[in-house]
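**Student:** dropping a prediction and its sequence here:
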Amino acid sequence: MLSKHSSFFLIAIFLFWMKTYIGYKVEFSIGVQGPMQEFLLFINPLSSALLFIGLALFVKGKAQPVYITINTALMSALLYANIVYYRFFTDFITVPVVMQVKVNGGQLSDSILSLLKPYDILYFLDVIILIVLLATKAYKPTIQKNRRAAKSVFALAILTFVINLGLAEADRPQLLSRSFDRNYLVKYLGAYNFTIYDIVQNARSESQRALADSSDITEVQNFISANYAEPNDKYFGAAEGKNVIYVSLESLQSFIINYELNGEEVTPFLNSLIKDDNTFYFDNFFHQTGQGKTSDAEFMMENSLYGMSQGAVFVNKAQNTLQSAPAILKGEGYTSAAFHGNYKTFWNRNEMYKTIGYDYFFDAEYYDMSEENTKNYGMKDIPFFEQSMPLLEGLKQPFYTKFITLSNHHPFEMDEGDTDFPAGDFGDNAVNHYFQSAHYLDESIRLFFEELKESGLYDNTVIVMYGDHYGISENHNKAMAQVLGVDEVTPFMNTQLQRVPLFIHVPGVEGNVVSEFGGEVDVMPTLMHLLGIDTKDYLQVGSDLLSEQHRETVPFRNGDFVSPTLTKIGDNYYNAEGELVDAEQGAEQAEAAAAELQASDNIVMKDLLRFHQPDGFTPINRDDYNYIKGSTTTTETEESVEE
């Protein structure tokens, strides 16, 4: 029988500490290198456990062990939430992500369930043990008369954290001030201390807008002006006045293009477009998304600005002033519309699209959402395109439109009868099914192109298709090594796998394969210049992919970058062959990548576009937009469809 008053608390601390460390080692791939980092990973849960579980010691009497158990359970829930989130996103939960759950929550169930493991109950084993000790009366609580012990534990928690932070700063100077990468923060400080840091940073970001004024925009303007890429005379205005269709190719990565499974092409139609006379295919194009994933890709494509380092602009900054593509083209007489086979509240699109300036938003209310037509997050791609065509044909031309596909989404399982393409055999269900869902997506695009040709729209429409983000995370690298025919997927190779397809079909313009390195922030200026609209006066951080002055250093949201000559991953730099090189070789490119991210962050976090109005641009008034079916803003198109 446990008689000492401190025994129950010490058991709770020890079990929670060991469980957290084991969870770190089993679930997270955060690049621990050397004995110092290993020691910090081991020690960092202790200060959090002492602090948060120790708060229960301020409770007097018999309720104290109950509160110790409750606090342990809450901390365990946070750890487990991070584990499940990391299994797919290879990232950690932040305050903005929690806000996104409010927006997207109920529609994530299938993906979340696929990430749960039978052994996950072990992450609550310490809580179960504490409950058993209390229930069987193996521990008899005593009355704590003073708070000396609680204060001592609190002081020990602070001391442990200070030592932890000091050692972390010694190994990684300016850890808290210059790290874009949450992996570093968790590795050095722990998941729980990272949560505190994230709360502080989130509050700080909210204050940035409140304190910003028009003088803050000067530095950003100077940076963008100095890095502006002049349009290529050969292509500037080549698509003037033409319709625009964007297609977001959900989770499609470039390794699948021209890939054959058992001698059969996975994406035969997309492969054929590479050879199409009027299509540009960019084979060194990278996604640059953060926690906002698909919504980040949308934001970059239409604003040439990066998503947030934590959370998503669509959720956290939906009230910002923007100068997005639909708003710019509105001044050129364009009608704009977004098509999405899910409900308008997903990713807060019903609010964000008002800020972007979409005239119409056709969501699930406009589609037959019967069981045979839906899976995962909404409409299957083939019926989605089929049912979208009457809505598209009803739009006044020229139009700017966006289609968001959904079927090629984790866990990638297909319903029976949707495709006869075989699954892979790589010992990983997600990877195996990815080939089937990618093939289904390819077939949906082929059918969509046929419908565009039959409608007469094809020959007067620029079609931009892009992979929005990765589909297969690094947690599946063992299977991906088999897919790629290599012994292992190294960090360098994993970065190269962040390539996603980009196709730009321009009627009447000779296309080709473009091997310039670029990213999602570069697409908007590329499109605008094709349409004959110079982006010089707009605050965009991307550069025209077809410009002779295009910049080929592609920053990632975590501060890493990739280029034709160098790739930065954490503190390591690699040459084009994937060999480690001296960090000094990458200093200039690293500085340029950081400056680009900072310029974008200043615009987004401080909402600086409210202080900037280019000549000829009419700002968007959010009150002018209403995406309720049957409202006056959608009646005209609805009536044309009914006819």
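**Tutor:** Here it is on my side, so go on. Treat the numbers as computed from the prediction; the structure is a model and nothing was measured.

**Student:** the residue lying closest to residue 340 once chain neighbours are set aside pairs with what?
**Tutor:** Closest residue to residue 340 in three dimensions, ignoring its sequence neighbours and counting by C-beta to C-beta, 6 or more residues apart in numbering: residue 404, at 4.5 Å. C-beta here means a position set from N, CA and C on the backbone, and glycine is covered the same way. Applying DSSP bridges to residue 404 yields these beta-bridge partners: residue 248, residue 340.

**Student:** separation between residue 404 and residue 316?
**Tutor:** 20 Å (C-beta to C-beta, to the nearest Å).

**Student:** okay, the two: which has more neighbours?
**Tutor:** residue 404 (28 against 23; other C-beta atoms under 10 Å).

**Student:** where does the chain have low pLDDT?
**Tutor:** Of all residues in the chain, those with pLDDT under 70 make up the ranges 1-5, 89-90, 95-97, 99-112, 139-146, 177-181, 205, 631-643.

**Student:** kindly state the domain boundaries assigned to it.
**Tutor:** Dividing the chain into domains by automatic domain parsing, as the record does, gives the ranges 7-209, 233-545.

**Student:** mind listing the helices for the stretch 251-400 of the chain?
**Tutor:** In the stretch 251-400 of the chain, the helices defined using DSSP state H, counting those that start in this stretch lie at 268-274, 293-303, 313-316, 325-330, 349-356, 381-393.

**Student:** for the spatially most central residue of the chain, which non-adjacent residue is closest in space?
**Tutor:** By C-alpha atoms, centre = their mean, the mean C-alpha position of the chain lies nearest to residue 293, the distance being 2.4 Å. Using C-beta to C-beta, 6+ apart and skipping the chain neighbours, the partner closest in space to residue 293 is residue 469 (5.0 Å).

**Student:** how about the secondary structure of that neighbour?
**Tutor:** Counting by DSSP: H, G, I helix; E, B strand; the rest coil, the backbone at residue 469 sits in coil.

**Student:** can you count the residues close to it?
**Tutor:** So residue 469, with other C-beta under 10 Å, has 23 neighbours.

**Student:** just the helices from the stretch 1-150 of the chain, written as ranges.
**Tutor:** Secondary structure of the stretch 1-150 of the chain, counting by DSSP H, counting those that start in this stretch: helices at 7-27, 34-48, 54, 64-89, 95-104, 109-115, 125-135, 148-171.

**Student:** so which of the ones you listed is nearest residue 442?
**Tutor:** When these are ranked by proximity to residue 442, the top entry is helix 109-115, at 21.9 Å, counting by C-beta to C-beta.

**Student:** turn the helices of the stretch 251-400 of the chain into JSON lines, columns for distance to residue 208.
**Tutor:** Formatted as JSON lines, the entries for those read as follows, by distance: least, C-beta to C-beta, whole Å:
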{"stretch": "helix 268-274", "distance to residue 208": "41"}
{"stretch": "helix 293-303", "distance to residue 208": "18"}
{"stretch": "helix 313-316", "distance to residue 208": "12"}
{"stretch": "helix 325-330", "distance to residue 208": "24"}
{"stretch": "helix 349-356", "distance to residue 208": "18"}
{"stretch": "helix 381-393", "distance to residue 208": "39"}
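
**Student:** of those, which is nearest residue 163?
**Tutor:** helix 313-316 (34.1 Å).

**Student:** check which helices and strands that closest one sits against.
**Tutor:** Other helices and strands packing on helix 313-316, by 3 or more C-beta pairs under 8 Å, 6 or more residues apart in numbering; DSSP states H and E, are helix 95-104, helix 293-303, helix 349-356.

**Student:** quick check, residue 266 in contact with residue 255.
**Tutor:** No: with the criterion set as C-beta atoms under 8 Å, residue 266 and residue 255 do not qualify as a contacting pair; they are 9.8 Å apart.

**Student:** so between these two, which is more surrounded?
**Tutor:** Legend: neighbour count by other C-beta under 10 Å for residue 266 and residue 255, higher for residue 266 (23 against 18).

**Student:** quick one on the thing from earlier: the residue nearest to the centre of the chain contacts residue 468, doesn't it?
**Tutor:** Yes: in this structure residue 293 lies within contact range of residue 468 using C-beta under 8 Å: 7.1 Å.

**Student:** out of the helices of the stretch 251-400 of the chain, nearest to residue 6?
**Tutor:** Distances from residue 6 to each of these were compared using C-beta to C-beta; the shortest belongs to helix 313-316, at 43.1 Å.

**Student:** quick one: the strands in the stretch 451-600 of the chain, in order.
**Tutor:** Counting by DSSP state E, counting those that start in this stretch, the segments of the stretch 451-600 of the chain that form strands are 461-467, 502-505, 513-514, 518-519, 554-555, 561-562, 566-569, 572-575, 580-581.

**Student:** name the helices or strands packed onto the fifth one?
**Tutor:** If I follow you right, that is strand 554-555. Strand 554-555 is packed against strand 518-519, strand 561-562, helix 587-605, with contacts defined by 3+ C-beta pairs under 8 Å, 6+ apart.

**Student:** next one: the fourth one
**Tutor:** Judged by 3+ C-beta pairs under 8 Å, 6+ apart, the packing partners of strand 518-519 are strand 285-286, strand 554-555.

**Student:** circling back to that earlier point, make TSV out of the domains of the chain and add distance to residue 593.
**Tutor:** Formatted as TSV, the entries for the domains of the chain read as follows, by distance: least, C-beta to C-beta, whole Å:
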stretch	distance to residue 593
domain 7-209	10
domain 233-545	11
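
**Student:** now, of the ones you listed, which is deepest in the fold?
**Tutor:** Taking mean count of other C-beta atoms under 10 Å as the contact definition, the stretch among the domains of the chain with the greatest mean neighbour count is domain 233-545, which reaches a mean of 21.

**Student:** endpoints of that one, how far apart?
**Tutor:** From the first residue to the last, domain 233-545 extends over 13 Å; the measure is C-alpha to C-alpha, to the nearest Å.

**Student:** now do it: distance to the chain's middle.
**Tutor:** For domain 233-545, the distance between its averaged C-alpha position and the chain's averaged C-alpha position is 14 Å (C-alpha atoms, centre = their mean, to the nearest Å).

**Student:** stretch 557-575 too?
**Tutor:** On C-alpha atoms, centre = their mean, the centre of stretch 557-575 falls 19 Å from the chain's centre.

**Student:** now swap in stretch 8-19 and tell me
**Tutor:** Using C-alpha atoms, centre = their mean, the distance from the centre of stretch 8-19 to the centre of the chain it belongs to is 35 Å.

**Student:** wait, doesn't residue 511 sit right on residue 505?
**Tutor:** Yes: taking contacts as C-beta under 8 Å, residue 511 lies within contact range of residue 505: 7.4 Å.

**Student:** hey, what's in contact with both of these two?
**Tutor:** Taking C-beta atoms under 8 Å, 6 or more residues apart in numbering as the contact rule, residue 511 and residue 505 both touch 276, 278, 279, 280.

**Student:** in contact with the residue nearest to residue 293, which residues are there?
**Tutor:** Taking C-beta under 8 Å, 6+ apart as the definition of contact, the neighbours of residue 469 are 251, 287, 289, 293, 294, 296, 297, 500.
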